[in-house]
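>>> Sequence and predicted structure, then a few things I'm wondering about:
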2 protein chains.
Amino acid sequence: MSPTIKDIAKKAGVSIATVSIVLNGKAKVSATTKEKVEAVIKEMDYHPLHSARRLATQTTGNIGYIIWDGYFSEAEMFYSQVFWGVEYAARNNDYYVLVTTVKEKFNPKEDLPRFLRSRVVDGIVIMGKMPTSLLDYLEYLKIPFVLVDFEVQRKAYNSIQFDNYNGTYGAIEYLLQQGRKNIAYVGGLINHPSIRKRYNGYRDALEAHNIPAEIIQKFSYCVDVENTSEIGTEGAVQLLKKHPEIDAIFGCTDHIALGVIEGIQKLGRSVPKDVAVIGFDDIPISSYNKPKLTTLRVPKMSVGKEAFNLLLDVMKKPDMKSHTRILPVELIIRGSSQCN
Amino acid sequence: MSPTIKDIAKKAGVSIATVSIVLNGKAKVSATTKEKVEAVIKEMDYHPLHSARRLATQTTGNIGYIIWDGYFSEAEMFYSQVFWGVEYAARNNDYYVLVTTVKEKFNPKEDLPRFLRSRVVDGIVIMGKMPTSLLDYLEYLKIPFVLVDFEVQRKAYNSIQFDNYNGTYGAIEYLLQQGRKNIAYVGGLINHPSIRKRYNGYRDALEAHNIPAEIIQKFSYCVDVENTSEIGTEGAVQLLKKHPEIDAIFGCTDHIALGVIEGIQKLGRSVPKDVAVIGFDDIPISSYNKPKLTTLRVPKMSVGKEAFNLLLDVMKKPDMKSHTRILPVELIIRGSSQCN
DNA sequence: ACTTATGAGTAAAACGTTTTACCTAATAAA
DNA sequence: TTTATTAGGTAAAACGTTTTACTCATAAGT
């Protein structure tokens, strides 16, 4: 068996309390005993048993990562990448990350993520859209959490956001600079707070360039279903049939934008020559597409790291006033928007 | 605070031992007390504290998932998907999955995955290529593990494999049936056991159809570097320049195959009309490519689930004789091989 | 010279379970 | 009737840490 703290204490000729103190530095020890104990620890290759430590401190050393079932699909690697960011930051702070998903039809009593039931996490990162009933329940349990890319009206939760508004605004300005005149918008989930901000960025950028509101209205294809490439295709086809003068389309996610490209090509028109296309997210597929998709890159790893760091703060000071961190996005210009 | 087992015992008028027994069913209790205790448990919404249980049972309830640093890249979502499969199966068995990566230059004393040090997992799933020094160390620690898509010469480790050989063999036969005459192979990592089997499947299928060995030799572009799309492009270009008669190329992974397609197109030839292309893995990008890539689909979720189940067996009976499970792959026919 | 701090260390309690060893009463076997 | 056996239950030990409260020196402040 692996050595325990008792073995160390015995061999070093001190009490187990002293060993613990050396380990955690929570009190004073003389330099000599400290050295002696540390030598023995190294010699016997001792490592404290996780579960014993957890029981004694009444903490778990784990954080949870919750993601909605629907984002768990094959194509949706976006959230996997954020996960790796969280994992990376957690590792550096000696936390483990436990993952679970939550069903669309979520019932707090029934479908509670398992690690809440057995009090097995100290805090939670919540990725994307999440039923408010779950958030309410977390508040009731007094378990710290941070939201990523989501927020709730009238509730000041801790969260990490991307700069949806300014990112989109900037992308539209770039299209105008490129000489595009009639810029359309295609996207689903219009009631999602982040998507709504993207739409507002689109609208405000055009308004700032004196495009009349009713034109913007006509060029907007906004629906309230999941953002799939099929919806993108559908939106592009409908818009272009009604308004052949459209020469650029902003898709509210890369999935949408990739669908948009397909729609444009289906109508026999060329990207980017006839119509430029820009997406949002920068998922891996986007740089493999033909043409490669211009998009707003979300720094997925950083998002994960920031989420963990914020969570760590909240876990340390549970009644810290709530905090929102907005990360910038970067316009990645590729073939779908630029006639070289 | 959440109720503890003592609260339950007091309220139900029994000892804590009885509550524990009801919880775990490790001994006999009368139906009446059982019901009574269960009622109290439900009423107070009691859930045993994970860490206490872990300390008492001297198990962790966790398994580790180790993946090599290099597979951790943006594009390599293959292993992420397997991870979700493991996670799913683990969840159904009330295990948590802890993730870590291992550096290329791995030094057992220095870079030991953290969850080995603190004895925080009961077993480990190892994804893909892994330094043998780590495997040796795991054996020394007597910690159960299973390999996925990897094996070691002369060592009968527990593992989950895909049917690399027959999958490739079948794909080559399919190409022959389609009337392709000169089928080439492009791939890196030729010393990786799984890749080697793919190559053998390719070679044997051709030999079985009386293709002379020296032709096979000439049509093989085998190198020993990572499988990137750049290598695929490079291989395709080299082969086609020397042997313009080649009318089909098998890429040993989808990344390779996607690069191959790019190479073919760069030379001004058409896929699939002039040259058919088949890959292996079925990564998400493959179905977005133009043309869509024909490939051998590895059932990633199932692989993960099987890996967990095998690990569970090994954890239960540590000296079980070692076991290899080979999962079939499925030929997914798409545009890159079929002139409709 | 007398309190008061301070420094270094420890014994023992606490954390919340599981498990062992033992007890009692009831039933079955002889 | 006596003796095993079984069923149902429990007290207490064990798991390996951290933390609290306490001791005993020695140093510092009056």
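Looks like it came in fine.

>>> the strands in the stretch 1-150 of chain A, which residues?
In the stretch 1-150 of chain A, the strands defined using DSSP state E, counting those that start in this stretch lie at A:62-68, A:96-102, A:123-127, A:145-148.

>>> How about residues contacting stretch A:231-239?
A:184, A:186-188, A:219, A:221, A:223, A:225, A:246, A:249, A:251, A:255-264, A:266-267 (Cβ atoms under 8 Å, 6 or more residues apart in numbering or on different chains). Every residue, glycine included, has its C-beta placed from N, CA and C.

>>> what distance separates stretch A:261-268 from the middle of the whole chain?
31 Å (Cα atoms, centre = their mean, to the nearest Å).

>>> Output that stretch as CSV, restricted to C-alpha atoms.
The C-alpha coordinates for stretch A:261-268 follow below in CSV (Å, rounded to 0.1, in the frame of the first residue of the first chain):
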residue,chain,number,x,y,z
ILE,A,261,-23.1,29.4,-48.9
GLU,A,262,-24.7,26.2,-50.1
GLY,A,263,-28.0,28.1,-50.7
ILE,A,264,-26.2,30.8,-52.8
GLN,A,265,-24.4,28.2,-54.8
LYS,A,266,-27.6,26.3,-55.3
LEU,A,267,-29.1,29.3,-57.0
GLY,A,268,-26.2,29.3,-59.4
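
>>> And chain B, is it touching that?
No - applying Cβ under 8 Å from any Cβ of the partner chain, one finds stretch A:261-268 separated from chain B by no less than 9.5 Å.

>>> interface residues of chain A facing DNA strand D?
Residues of chain A lying close to DNA strand D by Cβ under 7 Å from any atom of the strand are A:1, A:4-6, A:16-17, A:19-21, A:23-24, A:26-27, A:46, A:48-49, A:52-53, A:55-57.

>>> Apply 6 Å and report the result again.
Residues of chain A lying near DNA strand D by Cβ under 6 Å from any atom of the strand: A:4-5, A:16-17, A:20-21, A:23-24, A:26, A:48-49, A:52-53, A:55-57.

>>> circling back: please identify which of the strands of the stretch 1-150 of chain A is closest to residue B:332.
Among the strands of the stretch 1-150 of chain A, strand A:96-102 comes nearest to residue B:332, with 26.1 Å by Cβ to Cβ.

>>> neighbours of whichever residue of the stretch 151-300 of chain A sits closest to DNA strand C, just the number please.
Relative to DNA strand C, the nearest point of the stretch 151-300 of chain A is residue A:158 (26.7 Å; Cβ to the nearest atom of the strand). Neighbour count for residue A:158, taken as other Cβ atoms under 10 Å in any protein chain shown: 20.

>>> again with the one 5 residues further on
In terms of burial, residue A:163 registers 18 neighbours under the definition other Cβ under 10 Å.

>>> need the helices for the stretch 1-150 of chain A, in chain order.
For the stretch 1-150 of chain A, the helices defined by DSSP state H, counting those that start in this stretch cover A:5-12, A:16-24, A:31-44, A:50-57, A:78-92, A:114-117, A:132-141.

>>> Tell me what angle the fourth one forms with helix B:50-57.
What that stands for is helix A:50-57. 130 degrees (axes from the mean of the first three to the mean of the last three Cα atoms, to 10 degrees).

>>> Same question for the fifth one.
Using the same axes, to 10 degrees, the inter-axis angle of helix A:78-92 relative to helix B:50-57 is 60 degrees.
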